[in-house]
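Chemist: just coords:
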Ligand SMILES: [Zn+2]
């Protein structure tokens with residue numbers, strides 16, 4: 001994610017503005033769970049992230065989401081079916097999905113009706129019989145409602161927003177649960193398929209490969225699939241009036257969408273038109289582009305003061321292009337395709353692994369364009385840095401702070417200076433190759449860095465840069 005300057009300041013003011021009120025602990029297992037053998041227990045109502053204890057759920061691992069949905073812009077109603085394939089990671093008597101403001105009408109587990117009830121922003125599913133540890137299972141949820149955003153502790157609102165001509169679902173660290181039942185935490189990556197039916201003449205854009213588009217009775221179904229595992233907050237849908245351009249880049253579909261309210265050849269259009277060029281440049285540094293599709297979407301909505309690295313196809317708020325073309329933000333979001341998307345977070349505390357590298361990619365791009373060297377940018381930022389927030393443990397309320405982005409970028413630069421360019425760029429490739437389509441932690445990154453540096457002990461460097469509160473030596 002990258003926030004526009006003004007919006008970023010506003011976001012800080014929102015910090016801790018309120019809690020969602022849905023964080024009551026799940027009710028304890030009751031004897032009424034009919035078929036549960038003694039070893040079968042409810043999955044936890046959170047996946048165990050210390051920063052966001054209620055995010056995600058325990059007891060299962062999702063392999064894929066297959067959504068068949070219909071959205072009517074005239075009344076803002078979303079309805080359809082989510083098919084979730086998963087594997088039990090414990091003897092499971094009951095499991096939760098994250099689902100906000102939408103109502104499940106019918107739920108089956110492996111084809112048999114299951115009981116389901118809403119509990120705040122959780123959907124609690126009790127299958128007719130327990131699911132043994134290690135067994136794959138399929139949950140089908142028929143659901144409907146008028147989606148709304150959710151408020152979270154760190155960022156204010158995220159998720160579904162209705163617009164005059166449609167709506168969109170977007171946000172970090174949470175957004176998916178506002179439009180489908182989900183294990184809403186990046187540590188449970190899954191493949192993603194979407195068939196979104198909207199009125200003829202309305203565009204419905206999402207992640208990954210565009211598929212068949214079929215029409216009937218005044219409605220058109222747009223289909224999308226992302227076969228590389230994806231963190232839930234990287235799933236998006238944008239519905240409304242968009243200029244869609246589809247080409248091919250490096251043998252893969254390149255699809256961009258520009259809000260029709262924006263000029264067809266204005267700064268936003270000119271910026272996302274350079275997506276392929278920027279991705280190719282980053283690939284020379286980070287290794288091959290990790291996904292099967294390219295693109296970018298520009299939304300024209302005052303409520304979106306940020307850009308987000310939605311997988312294969314970032315979504316940009318129009319605000320980034322108000323002063324002219326902005327390729328730096330494109331470089332930031334495309335860098336996340338490697339750092340954040342292909343290699344996703346295991347826990348939110350490690351957000352610097354996403355934002356530090358995306359920020360560093362901005363500096364690399366700026367140097368590539370000949371506007372300033374990375375060293376000049378690093379020096380400028382070092383001189384104005386405050387050192388109170390630890391990028392390696394910023395706390396949930398500082399998840400998107402300058403320390404995470406700028407000091408995170410400086411941390412990357414410090415590693416580069418400490419181990420030299422050959423080892424540094426070898427490290428970047430080792431990380432994006434070894435962790436591709438998976439998750440990574442700071443500890444794993446440090447181990448990879450030490451290996452790339454020929455066994456050099458880098459703990460003192462990372463301790464100072466990620467966890468210290470006094471200035472480390474200028475890199
Ligand atoms: Zn970012």
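Modeler: Cool, the structure landed. In this text, all values refer to a predicted model and were calculated from it rather than measured experimentally.
Chemist: tell me the helices in the chain, going along the chain?
Modeler: For the chain, helices defined by DSSP state H occupy the ranges 5-14, 267-272, 275-286, 327-338, 352-368, 374-384, 402, 408-419, 421-434, 442-452, 459-462.
Chemist: With distance to the ion as added columns, please give these in a markdown table.
Modeler: For the C-beta atoms, the positions are set from N, CA and C on the backbone; glycine is no exception. Listed next are the helices of the chain as a markdown table, based on distance: least, CB to the ion, whole Å:
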| stretch | distance to the ion |
| --- | --- |
| helix 5-14 | 12 |
| helix 267-272 | 16 |
| helix 275-286 | 14 |
| helix 327-338 | 6 |
| helix 352-368 | 4 |
| helix 374-384 | 16 |
| helix 402 | 13 |
| helix 408-419 | 10 |
| helix 421-434 | 16 |
| helix 442-452 | 17 |
| helix 459-462 | 20 |
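Chemist: wait, which of those is closest to residue 74?
Modeler: Residue 74 sits nearest to helix 267-272 of all the helices of the chain, at 27.4 Å, using CB to CB.
Chemist: Mind pulling up the pLDDT for the closest residue to the ion within the stretch 101-250 of the chain?
Modeler: Residue nearest to the ion within the stretch 101-250 of the chain: residue 172 (8.6 Å; CB to the ion). pLDDT for residue 172: 93.
Chemist: neighbours around it, how many?
Modeler: 24 (other CB atoms under 10 Å).
Chemist: Pretty sure it sits against residue 307.
Modeler: No. Counting by CB atoms under 8 Å, residue 307 is not a contact partner of residue 172; they are 10.6 Å apart.
Chemist: overlap in contacts of these two?
Modeler: Common neighbours of residue 172 and residue 307, using CB atoms under 8 Å, 6 or more residues apart in numbering, are residue 1.
Chemist: re earlier: residue contacts, the residue of the stretch 101-250 of the chain closest to the ion?
Modeler: 1, 155, 158, 233, 308.
Chemist: For the residue lying closest to the third one once chain neighbours are set aside, grab the count of nearby residues.
Modeler: With CB to CB, 6 or more residues apart in numbering as the measure, residue 171 is the residue that lies nearest to residue 158, at 2.7 Å, once sequence neighbours are left out. The tally of other residues near residue 171 (other CB under 10 Å) stands at 25.
Chemist: that older thread, format the contacts of residue 172 as JSON lines; extra columns: neighbour count.
Modeler: Formatted as JSON lines, the contacts of residue 172 follow (neighbours: other CB atoms under 10 Å):
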{"residue": "1", "neighbour count": "25"}
{"residue": "155", "neighbour count": "22"}
{"residue": "158", "neighbour count": "23"}
{"residue": "233", "neighbour count": "29"}
{"residue": "308", "neighbour count": "25"}
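Chemist: Go through those residues and flag which are in strands.
Modeler: Under the assignment DSSP state E, the contacts of residue 172 contribute 158, 308 to strands.
Chemist: tell me the least confident of the contacts of residue 172?
Modeler: Note: of the contacts of residue 172, the lowest pLDDT belongs to residue 155, at 60.
Chemist: Save the helices of the chain as CSV, and put in mean pLDDT and distance to residue 101 too.
Modeler: Formatted as CSV, the helices of the chain follow (pLDDT from 0 to 100; distance: least, CB to CB, whole Å):
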stretch, mean pLDDT, distance to residue 101
helix 5-14, 39, 20
helix 267-272, 98, 31
helix 275-286, 98, 33
helix 327-338, 98, 28
helix 352-368, 98, 28
helix 374-384, 98, 40
helix 402, 95, 33
helix 408-419, 98, 34
helix 421-434, 98, 37
helix 442-452, 98, 34
helix 459-462, 98, 41
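Chemist: could you dump the ones you listed to CSV with mean neighbour count?
Modeler: Formatted as CSV, the helices of the chain follow (neighbours: other CB under 10 Å):
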stretch, mean neighbour count
helix 5-14, 13
helix 267-272, 21
helix 275-286, 18
helix 327-338, 25
helix 352-368, 24
helix 374-384, 15
helix 402, 19
helix 408-419, 23
helix 421-434, 17
helix 442-452, 18
helix 459-462, 16
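Chemist: Mind checking the ones you listed for the one nearest to residue 299?
Modeler: Across the helices of the chain, closest to residue 299 is helix 267-272 (CB to CB), at 9.7 Å.
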